[in-house]
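Enquirer: attaching a predicted model along with its sequence, questions to come.
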Amino acid sequence: MNIRNFYKRYKTKKRFKKLKEQTEWIMKHRSDKLTEEQREKTQEYIVRLKELYESQDFSKFRAEFEKFSDFFEKNLDKYKKGVIRENLESILWAAVIALFLRSFVIEAYKIPSGSMIPTLIIGDHLFVNKYIYGLKIPFTFIKFFDTRKPKRGEIVIFTKPEEGKDFIKRVIGVEGDTVEVRGHDVYVNGELLKKEYVDEYEYPEYDEFSGEYRKIRTQRYLETIEGIKHYIILRPDSPLMGYGDGIYKIEKDSVFVMGDNRDNSSDSRFWGTVKLKQIKGRAMFIWWSWGGGQGIQFKRIFQWIE
């Protein structure tokens with residue numbers, strides 16, 4: 001079969017499916033407008049076309065379809081759905097599907113701050129897995145289907161009701177754990193989280209006074225928690241060194257979270273643990289990256305998040 005004949009078959013079958021859908025809608029919603037003869041003739045055509053469609057005898061199918069097309073135009077066309085209604089229904093269904101996906105499956109999120117640098121930078125656009133920790137009634141904290149709880153090392157998106165906005169951080173401790181912070185050292189249940197020096201790391205930070213970006217010099221380390229290896233950055237000269245130190249016991253149905261930019265992150269060291277009901281989902285992958293004084297970051301697009 002050459003390309004031209006293949007295209008003709010494809011186009012004819014596409015027209016048939018469209019006309020079949022319109023005919024079935026008319027027979028269901030406008031049947032009372034048709035005469036007995038029109039209804040019988042329509043049924044005959046549909047049955048015959050289905051048989052020929054399945055028989056793969058395209059020449060007979062096409063000939064019969066052209067006859068039905070003429071019959072439809074003369075007898076049924078005036079009863080089909082209007083273009084405006086058809087388009088509105090398509091838009092409505094698209095909106096319903098989008099709302100369903102956003103509420104229960106996946107949601108887009110944009111990184112607004114530098115608290116998760118170097119893992120996530122300002123301007124990263126990522127998708128969030130919303131069903132991994134269970135399903136909630138949209139716009140509430142009420143969970144009606146539970147799967148599993150967040151694990152140490154996972155990056156989660158959560159809502160702080162008192163601030164009315166979303167945050168993204170890494171889970172360091174789960175319920176029952178004891179987390180101790182001593183400067184740049186973090187202990188979970190008495191064990192120090194291992195970190196290995198990698199290199200010097202710079203990133204741009206927006207200066208509200210000058211209105212320009214300035215380079216922040218830090219040190220990058222590879223930290224390991226529950227087998228998950230990820231980068232963190234530390235500033236040996238940080239004025240916040242020691243601020244937030246302490247021992248934290250994680251209560252039931254809660255997690256202790258921290259940013260990967262340890263010296264520039266507002267997290268559980270300062271405002272306490274996050275309730276599981278506040279967590280919306282787990283970060284999946286970056287689908288676009290632009291902004292934060294660095295322009296478009298093509299190398300970050302479609303990068304999975306660890």
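Expert: In hand now; what should we look at?

Enquirer: show me the helices in the stretch 1-150 of the chain, by range?
Expert: Ranges of helices in the stretch 1-150 of the chain, per DSSP state H, counting those that start in this stretch, are 3-29, 36-55, 58-75, 83-100.

Enquirer: would you reformat those helices as a markdown table and include mean neighbour count, mean pLDDT and distance to residue 280?
Expert: The C-beta positions use only the backbone N, C-alpha and C, and glycine is treated the same way. Output for those, formatted as a markdown table (neighbours: other Cβ atoms under 10 Å; pLDDT from 0 to 100; distance: least, Cβ to Cβ, whole Å):
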| stretch | mean neighbour count | mean pLDDT | distance to residue 280 |
| --- | --- | --- | --- |
| helix 3-29 | 13 | 83 | 38 |
| helix 36-55 | 14 | 86 | 46 |
| helix 58-75 | 15 | 87 | 49 |
| helix 83-100 | 10 | 62 | 15 |
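
Enquirer: who wins for proximity to residue 277 among those?
Expert: Closest to residue 277 of those is helix 83-100 (Cβ to Cβ; 21.1 Å).

Enquirer: I'd guessed residue 64 sits against residue 50; true?
Expert: No. Counting by Cβ atoms under 8 Å, residue 64 does not reach residue 50; the two are 10.5 Å apart.

Enquirer: where does pLDDT dip in the stretch 151-300 of the chain?
Expert: Under the criterion pLDDT under 70, the flagged ranges of the stretch 151-300 of the chain are 161.

Enquirer: show me where it has strands.
Expert: Using DSSP state E, counting those that start in this stretch, the strands found in the stretch 151-300 of the chain span residues 155-160, 165-174, 178-182, 185-188, 191-192, 195-207, 212-225, 228-234, 246-249, 254-258, 274-275, 279-289.

Enquirer: name every strand pairing with the third one and say which way it goes.
Expert: So that's strand 178-182. Paired strands of strand 178-182, with direction, are strand 185-188 (antiparallel), strand 246-249 (antiparallel) (DSSP bridges).

Enquirer: if I look at residue 267, how far off is residue 208?
Expert: Residue 267 is 21 Å from residue 208, where distance means Cβ to Cβ, to the nearest Å.

Enquirer: can you check residue 10 too?
Expert: Distance, residue 10 to residue 208, using Cβ to Cβ: 58 Å.

Enquirer: ok, now residue 242?
Expert: Distance of residue 242 to residue 208, given as Cβ to Cβ: 25 Å.

Enquirer: out of the two, which sits in the busier spot?
Expert: Neighbours per residue (other Cβ atoms under 10 Å) separate residue 242 from residue 208, with residue 242 holding more: 11 against 6.

Enquirer: shouldn't that one be in contact with residue 183?
Expert: Yes. Judged on Cβ under 8 Å, residue 242 makes contact with residue 183 at a distance of 5.7 Å.

Enquirer: now stretch 213-221, how far from the centre of its chain.
Expert: Distance of stretch 213-221 from the chain centroid (Cα atoms, centre = their mean, to the nearest Å) equals 30 Å.

Enquirer: ignore the last one, stretch 235-247
Expert: Computed by Cα atoms, centre = their mean, the chain-centroid distance of stretch 235-247 equals 35 Å.

Enquirer: CA atoms only: put stretch 269-282 into PDB for me.
Expert: Presented in PDB, the C-alpha positions along stretch 269-282 are these (Å, rounded to 0.1, in the frame of the first residue of the first chain):
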ATOM      1  CA  ARG A 269      14.800  24.300  62.700                       C
ATOM      2  CA  PHE A 270      12.900  27.500  63.000                       C
ATOM      3  CA  TRP A 271       9.100  26.800  62.800                       C
ATOM      4  CA  GLY A 272       8.800  23.100  63.800                       C
ATOM      5  CA  THR A 273       7.700  20.000  62.100                       C
ATOM      6  CA  VAL A 274       5.200  19.500  59.200                       C
ATOM      7  CA  LYS A 275       2.000  17.600  59.700                       C
ATOM      8  CA  LEU A 276       1.500  14.800  57.200                       C
ATOM      9  CA  LYS A 277      -1.900  16.200  56.300                       C
ATOM     10  CA  GLN A 278      -0.200  19.400  55.100                       C
ATOM     11  CA  ILE A 279       1.900  17.500  52.500                       C
ATOM     12  CA  LYS A 280       0.600  17.700  49.000                       C
ATOM     13  CA  GLY A 281       3.000  15.400  47.200                       C
ATOM     14  CA  ARG A 282       6.600  14.500  46.200                       C
END
